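*Asks:* Requesting a structural model of the entry that follows:
(one chain, ligands or ions: 1)
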Amino acid sequence: MPTLHWIGKEKVINHHLDVPYRVLDHQYGFENGVKKSEATNSGNKIIHGDNLEALKSLLPEYEGKIKCIYIDPPYNTGNENWVYNDNVNDPKIKKWLGSIVGKEAEDLTRHDKWLCMMYPRLKLLHKLLADDGAIFISIDDNEQASLKLLMDEIFGCNNVISSLVWRRRASSQMSQNNISVDHEYIVTYFKSLNSKFRGIKKDYKNYSNPDKDSRGEWTLGDLTVGMTKDQRPNQYFDLVDPDTGRIFKPSQRRVWTFSPETMEVKILEKRVVFPKSNTGQPMMKRFISELKSDINPLSSWINSESYSVGLNSEGTKIIQHIFQDKVFDYPKPNSLIELLLSQVLESNDLVLDSFAGSGTTAHAVLNLNKQDGGNRKFILIEMEEYAQTITAERVKRVINGYGSAGSPQAEGTRGSFDYYELGPALFNDDNEINELVGVEKLRQYIYYTETKSTLSSSKGGIYIL
Ligand SMILES: C[S@@+](CC[C@H](N)C(=O)[O-])C[C@H]1O[C@@H](n2cnc3c(N)ncnc32)[C@H](O)[C@@H]1O
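*Replies:* Numbers count the residues shown, from 1 in each chain. From the prediction side, this is the model:
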């Protein structure tokens, strides 16, 4: 299998093993529209901190238990003027790279830096994903090719599903070289190929039964196939309406679906519908009762026509509606994340988003739960200070309902979550137990390291370490 090499790779390849286990310090719970000091134990978590350490802290409780991961890491466009830094020049990440890669870090290109940043995080995400889980990663052309090779190495080249393509804007944008890149990718892998997507439920709105056919509701379908007269000479013939004697010819580039013999049977079975007027072609009755499956596969081409999935502008409008201000650049549209999550999550499953930004993933989970009364759960991780003022604040407003004079009120979804900061490490620099973390957390950590399973909390539902 081809593998990707870059400067600094050997320094990060096992780095996830050295990341300290830190405890998650509960800050507050949010339930029934009210902030409180006790934990809600809802299973919904927002964690403020670098995702490398936060992911490591989640391992004792969540290894192999996360059904779906959606991440939207910085695309490495080089743009540093957004509310987050869209390359790897954020001071925290710069410091981290300097300490892990050492002096070499000064020579890294932005692509080397991005790969060094992603590798150990993807290793931890792989551990956290359930055996029947799926991971979706939004990315654009800056790093798509590198990401694909990285994912092949960590998740296995056999487990790749696709790079889904999402249409992100409608109108084209001028560029120096006269190309408007209007799409992004969603690199998608399963943990193992035992998994599958739910697919898209077929829409039966075009089916009816005006002639009271005993086979039930039907719709008209094409009676031709995309083969030429030369490819299928047997299917290129005059088709005669037995009631009127009118003759119909297929096109030379699209012959009839059936041979003359089979067509005769279909006519006798009253499956062929001839046009009443002088225009139109014969069509085929297709019955719901005879469909092989009631789902269509998810298409890898995602846009507003295929799945009513919005553009970037939908995400921006939602943020504007919630905050009355454009507080975040390029949030993903809810409809995109809802589509992806609903392909994987059962109604009690858990999704993790470790590059949470404005919290679109939580919003999508709360919307899906509101629609069907489910109890899907989310864990969000966000490194910047706005974890509190944008990420968690958005989730609160979505739970409570939002809108103001001049913008329509969005009804609250209901729900709750707990907010955490990264706390002290379980071990100090001399590898001695840090007593400050408390007995309960140590007990859970030791249980996990010995058994690789989770010790349920004895009291108060402490869900960390
Ligand atoms: C592209 S934005 C995600 C946008 C999000 N999908 C939304 O719809 O709002 C990437 C986010 O990841 C955060 N981030 C980058 N590096 C991180 C790290 N090491 N740990 C946690 N968050 C990080 C950035 O601060 C930024 O908010």
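
*Asks:* wouldn't residue 23 be in contact with residue 421 here?
*Replies:* No. The criterion here is CB atoms under 8 Å, and residue 23 misses it with residue 421 at 9.9 Å. For every residue, glycine as well, the C-beta is placed using N, CA and C.

*Asks:* which of the two has more neighbours?
*Replies:* Counted by other CB atoms under 10 Å, residue 23 and residue 421 do not tie: residue 23 has more neighbours, with 25 against 16.

*Asks:* ok, the closest residue to the more buried one other than its chain neighbours to residue 96 distance?
*Replies:* Distances taken as CB to CB, 6 or more residues apart in numbering place residue 423 nearest to residue 23, at 4.1 Å, with adjacent residues excluded. Using CB to CB, to the nearest Å, one gets 18 Å for the distance from residue 423 to residue 96.

*Asks:* Residue 333 now?
*Replies:* For residue 333, the distance to residue 96 - CB to CB - is 31 Å.

*Asks:* Let me see the contact set for residue 171.
*Replies:* By CB atoms under 8 Å, 6 or more residues apart in numbering, residue 171 lies in contact with nothing.

*Asks:* what pLDDT does residue 60 get?
*Replies:* Residue 60 carries a pLDDT value of 88.

*Asks:* no, scratch that, I was asking about residue 431
*Replies:* 79.

*Asks:* And it, how close does it get to residue 451?
*Replies:* 21 Å.

*Asks:* again with residue 160
*Replies:* From residue 160 to residue 451 the distance is 32 Å (CB to CB).

*Asks:* Same drill for these two, tell me which one is more crowded.
*Replies:* Per other CB under 10 Å, whichever of residue 160 and residue 451 has more neighbours is residue 160, with 16 against 9.

*Asks:* If that one is in a bridge, with which residues?
*Replies:* residue 189 (DSSP bridges).

*Asks:* Would you mind measuring from it to residue 227?
*Replies:* Relative to residue 227, and taking CB to CB, residue 160 is found at 32 Å.

*Asks:* before we move on, what about residue 193?
*Replies:* 33 Å.

*Asks:* So which of those two has more stuff around it?
*Replies:* residue 227 (17 against 11).

*Asks:* Let me know the helix or strand that that one is in.
*Replies:* In the assignment (DSSP states H and E), residue 227 maps to no helix and no strand.

*Asks:* And the pLDDT at it?
*Replies:* So, for residue 227, pLDDT stands at 95.

*Asks:* Also residue 460?
*Replies:* 42.

*Asks:* Contact partners for the residue in the stretch 151-300 of the chain positioned nearest to the ligand?
*Replies:* The stretch 151-300 of the chain approaches the ligand most closely through residue 184 (10.8 Å), counting by CB to the nearest ligand atom. Contacts for residue 184 were tallied using CB under 8 Å, 6+ apart; they are 138, 139, 140, 165, 166, 168.

*Asks:* got it, and residue 365?
*Replies:* Contacts of residue 365 (CB under 8 Å, 6+ apart): 44, 341, 351, 376, 377, 378.

*Asks:* can you do 6 Å?
*Replies:* 376, 378 (CB atoms under 6 Å, 6 or more residues apart in numbering).

*Asks:* Just the buried positions in the strand or helix carrying it, please.
*Replies:* If you go by DSSP H and E, residue 365 is part of helix 360-372. By 16 or more other CB atoms under 10 Å, the buried positions in helix 360-372 come out as 360, 361, 362, 363, 364, 365, 366, 367, 368, 369, 370.

*Asks:* What of stretch 279-297?
*Replies:* 282, 283, 284, 285, 286.

*Asks:* Same question for stretch 343-355.
*Replies:* For stretch 343-355, by 16+ other CB under 10 Å, it's 343, 344, 345, 349, 350, 351, 352, 353, 354, 355.

*Asks:* Just give me the closest of these to the ligand.
*Replies:* residue 355 (3.4 Å).

*Asks:* Which residue lies closest in space to residue 253, excluding its sequence neighbours?
*Replies:* Nearest one to residue 253, counting by CB to CB, 6+ apart, is residue 228 at 5.3 Å.

*Asks:* what's around the one you found, how many residues?
*Replies:* 14.

*Asks:* for residue 315, same thing?
*Replies:* Using other CB under 10 Å: residue 315 sits among 25 other residues.

*Asks:* what do you get for the one 4 residues further on?
*Replies:* The burial count assigned to residue 319 is 22, neighbours taken as other CB under 10 Å.

*Asks:* hmm, back to that, might one say that the residue nearest to residue 23 is in contact with residue 25?
*Replies:* Yes. At 3.7 Å, residue 423 counts as touching residue 25 under the criterion of CB atoms under 6 Å.

*Asks:* Name the residue in those two with the higher neighbour count.
*Replies:* residue 423 (20 against 16).

*Asks:* Quick check: phi and psi at the more buried one.
*Replies:* Dihedral pair for residue 423: phi -100, psi -160, per degrees, to the nearest 10.

*Asks:* And residue 116, by the same measure?
*Replies:* phi -60, psi -40.
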